[in-house]
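would you be able to build a 3D model of this:
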Amino acid sequence: MTDLSEHLAEQLEELKMFQRVDKELGATLDFDNVLMLTMDWALRRTGAAAGMFVTIAEQEGLLKCLTALGYSPADAQTKTWRLERSILGRAVRTRQSQHVTDLAADPDHCPEDALPETRSVIAVPIELRGRVIGVIWLEGDAPDTFSAADVAFVGRLAQRAAIALDHARLYREAARQADEMASLYTASRMISASLERPQVLAIAAQSLATTLRVSSVVMADYRKLQGEIEIVHTYRLATARPTTSVLPQLGSALALESLPEIRDAIEAQRASSHSAQADSLSDALREFMATYTAQSLLIIPLATAPTTLSAEQSEVVGVALAIENRHERHFSADDHALAEALGSQIASALRQARLYAEVRELEGIKTHMIRMASHDLRNPLNLAMNYFEMFLDTLETASFSERQKRYVERVQKAHQSMETLIKDLLTLEKVESEREALWQIVDFNALVSAEVEAQRAAAELKRHTLTLQLPAATLYVRGSQTQLRQAISNLINNAIKYTPDGGLIQVRLSAKERRLLLEVQDNGYGISKERQERLFSSFYRAREPGTDHIGGSGLGLSLVRTAIERHGGKVWVNSEAGIGSIFSFWLPLAQS
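Numbering: from 1, shown residues only. Take a look at the predicted model:
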């Protein structure tokens, strides 16, 4: 009866102990904390002199220590055991707990495997989903340090630790993936922030180095026809600057025929990693890594994402070489995936930069052509008109018939239209090409007032009443004074032209919700609904009854829209044929 009571008491004590174990292990998702708590409980319960949690490095065929109690830091960090010959390896191979009471007599024991004073050991495998993920190793300084109950306790502790470690691993993996996603998002934003190729290359190299945690990055263009890559940018971390380290010279070319590793990565559009110690390296790549003291190398093809499911639609624009010369580095599958994602972002940014450069070049060609065409048109046109006027001076125009007078008027009107068209083309080109860097803070009240006064003479010639309504406070915008003045001028000029004599033109400026609103209202011919949709298109003129005699190039309202939209605003019209029109636009306000 006494023995039974003692047994029940021991079981109750152990249950209480495991309740505390479960509580402590369940209270943390930190992998290292779970390991330390597990080893702490194992040593406290069994009375072991020292203990380790050992994990399996399958690729190397070794067991390595993750955390230890009772050893010197140097021993804990450097200790390794072979899977095929050690007590720890036997625990992994057999998946059974090992309890050795006479350590010296065990055939799998090596003196270096334990402390000199150790006489007995326990090695308990930790299994999860049918796979051994580690071993709890305990050392005792006497043959009878551990009992069968201790071995059973450590076995049950291992089961609980496996679950806690799995939870901690999942949490750590989720946290790592979140960090990688945040790093990828930040890097992607930085890489895509510029359309200038040199800046894209510089940001891309820095982002790769910091995200992949390598000492330096080499960016190269891929020249498919030449079968080579050309070095276009290099970057080295400020904290990784060994005196013996050098980087490739800009402009140097590497032939892919002798570098199968880089060629294969480009053709497969997959990242590949290599160690300087690998026997399979090509001679050229081995020489490259030796020249630039690379211990490890990650080759990242810069391939744009395919537009269809076919990978043939993607384009490799270059290669990034991530170099680690501080120590040998094993690049994991996650490193490869992260590198490929960044490589795709960089490739897209480089392609955008290339397209931007091409568009900018075309814009320059267009500007040159417009200016050249305008010059070549204006000179012969003026020459023809001068001779035409001289010819008229030699004739008695008073004796012309009505038909002859109409011919003369049509020639003069055509000349005026050509002059207006050339002037508007040059103005529109200037508006489109002016850089935002030259913009300033503009007093919009003063700008509108000055333009109304400038147009007053034209309004009086047609006996119009031209009024101006300004707000009490001065409104400011950031922009080009020339472009904004032209937009205001065109709207007022249109209102004057498209209103029969004796009309009313009202210009109103107001502010609402951090915007200014300019309205130019007339009681002129108006515009029918079906013609309003194309009203702001280039070279379009809304022909309404009674407007055939009014000249114009059809570029005025297009210029207004271009100028206003470049300043972040919007322009529109409310009109009704025969009633009149209200042309309006808003612009974001700026502080004075």
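
tell me where the model's unsure across the stretch 151-300 of the chain.
164-165, 167-168, 170-188, 190-193, 239-245 (pLDDT under 70).

what about the strands in it?
Remark: strands assigned in the stretch 151-300 of the chain by DSSP state E, counting those that start in this stretch are 216-223, 228-236, 253-255, 272-275, 296-303.

same question for the stretch 451-592 of the chain.
465-469, 476-479, 504-512, 515-522, 570-576, 580-588.

quick one: closest of the strands of the stretch 151-300 of the chain to Val448.
strand 228-236 (49.3 Å; Cβ to Cβ). (Each C-beta comes from the backbone N, C-alpha and C, glycine too.)

now do that closest one and strand 216-223, the angle between them.
With axes from the mean of the first three to the mean of the last three Cα atoms, to 10 degrees applied, the angle from strand 228-236 to strand 216-223 works out at 160 degrees.

who are the packing partners of strand 228-236?
The contact analysis (3 or more Cβ pairs under 8 Å, 6 or more residues apart in numbering; DSSP states H and E) places strand 228-236 against helix 197-212, strand 216-223, strand 253-255, strand 316-324.

adding mean pLDDT, distance to Asn386 and mean neighbour count, write the strands of the stretch 451-592 of the chain out as JSON lines.
Shown next, in JSON lines, are the strands of the stretch 451-592 of the chain (pLDDT from 0 to 100; distance: least, Cβ to Cβ, whole Å; neighbours: other Cβ atoms under 10 Å):
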{"stretch": "strand 465-469", "mean pLDDT": "93", "distance to Asn386": "35", "mean neighbour count": "15"}
{"stretch": "strand 476-479", "mean pLDDT": "91", "distance to Asn386": "39", "mean neighbour count": "20"}
{"stretch": "strand 504-512", "mean pLDDT": "93", "distance to Asn386": "36", "mean neighbour count": "17"}
{"stretch": "strand 515-522", "mean pLDDT": "94", "distance to Asn386": "36", "mean neighbour count": "21"}
{"stretch": "strand 570-576", "mean pLDDT": "89", "distance to Asn386": "39", "mean neighbour count": "16"}
{"stretch": "strand 580-588", "mean pLDDT": "92", "distance to Asn386": "37", "mean neighbour count": "21"}
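
ok but Asp40 is inside a helix, no?
Yes - under DSSP: H, G, I helix; E, B strand; the rest coil, Asp40 sits within a helix.

pretty sure it contacts Ala68?
No - Asp40 lies out of contact with Ala68 (Cβ atoms under 8 Å); the separation is 11.6 Å.

looking at the two, which is more packed in?
Higher neighbour count among Asp40 and Ala68: Ala68, with 21 against 15, using other Cβ atoms under 10 Å.

the more buried one: what secondary structure?
Ala68 - assigned by three-state DSSP - is strand.

which pLDDT value belongs to it?
What the model reports as pLDDT for Ala68 is 82.

quick thing: my sequence starts at 26, can you match it?
Done: numbering now begins at 26, and the last item shifts to Ala93.

show me what it is bridged to.
Applying DSSP bridges to Ala93 gives these bridge partners: Met77.

any chance of the strands of the stretch 176-325 of the chain in TSV, plus distance to Leu88 and mean neighbour count?
Putting the strands of the stretch 176-325 of the chain into TSV (distance: least, Cβ to Cβ, whole Å; neighbours: other Cβ atoms under 10 Å) gives the following:
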stretch	distance to Leu88	mean neighbour count
strand 241-248	34	22
strand 253-261	37	20
strand 278-280	41	16
strand 297-300	22	19
strand 321-328	24	25
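
let me have those strands in CSV, extended by distance to Thr524.
Output for those, formatted as CSV (distance: least, Cβ to Cβ, whole Å):
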stretch, distance to Thr524
strand 241-248, 60
strand 253-261, 60
strand 278-280, 68
strand 297-300, 73
strand 321-328, 60
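
right, and those - which one's nearest Trp106?
strand 297-300 (23.7 Å).

residues touching the closest one, excluding its own?
For strand 297-300, the external contacting residues (Cβ atoms under 8 Å, 6 or more residues apart in numbering) are 286, 289-290, 306, 310, 314, 320-324, 353, 355-356, 360-361.

partner strands of that strand, with direction?
Strand 297-300 has these strand partners (DSSP bridges): strand 321-328 (antiparallel).

hang on, the earlier thing: and the contacts of strand 297-300, which of them are buried?
For the contacts of strand 297-300, a burial check counting by 16 or more other Cβ atoms under 10 Å picks out 286, 290, 306, 310, 314, 320-324, 356, 360-361.

for Thr499, see how far away the closest residue in space to Leu226 that isn't next to it in sequence is.
Spatially, and ignoring its direct neighbours in sequence, Leu226 is nearest to His258 (4.1 Å; Cβ to Cβ, 6 or more residues apart in numbering). For His258, the distance to Thr499 (Cβ to Cβ, to the nearest Å) stands at 48 Å.

do the same with Tyr96
Taking Cβ to Cβ, one finds Tyr96 at 78 Å from Thr499.

between these two, who's got more neighbours?
Legend: neighbour count by other Cβ under 10 Å for Tyr96 and Thr499, higher for Tyr96 (18 against 12).

neighbours of the residue nearest to that one when sequence neighbours are not counted, just the number please.
Excluding the flanking residues, the one nearest Tyr96 by Cβ to Cβ, 6+ apart is Ala75, at 5.6 Å. Neighbours of Ala75 under the rule other Cβ under 10 Å: 22.

let's have the buried ones among the contacts of strand 297-300 in TSV, adding distance to Leu367.
Shown next, in TSV, are these (distance: Cβ to Cβ, whole Å):
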residue	distance to Leu367
Glu286	19
Ala290	14
Leu306	24
Leu310	22
Met314	22
Gln320	21
Ser321	17
Leu322	16
Leu323	11
Ile324	13
Phe356	13
Asp360	11
His361	11
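
return the member of the contacts of strand 297-300 nearest to Leu153.
Looking across the contacts of strand 297-300 and measuring by Cβ to Cβ, the closest to Leu153 is His355, at 23.0 Å.

just confirm the closest one is within a strand.
No - according to three-state DSSP, the state of His355 is coil, so it is not within a strand.

please parse the chain into its domains.
Taking automatic domain parsing as the reference, the chain has its domains at 27-199, 222-379, 461-613.

what would the ones you listed look like in a markdown table with distance to Arg435?
Shown next, in a markdown table, are the domains of the chain (distance: least, Cβ to Cβ, whole Å):
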| stretch | distance to Arg435 |
| --- | --- |
| domain 27-199 | 79 |
| domain 222-379 | 50 |
| domain 461-613 | 11 |
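
Leu406 is nearest to which of the ones you listed?
Closest to Leu406 of the domains of the chain, according to Cβ to Cβ: domain 461-613, at 14.0 Å.
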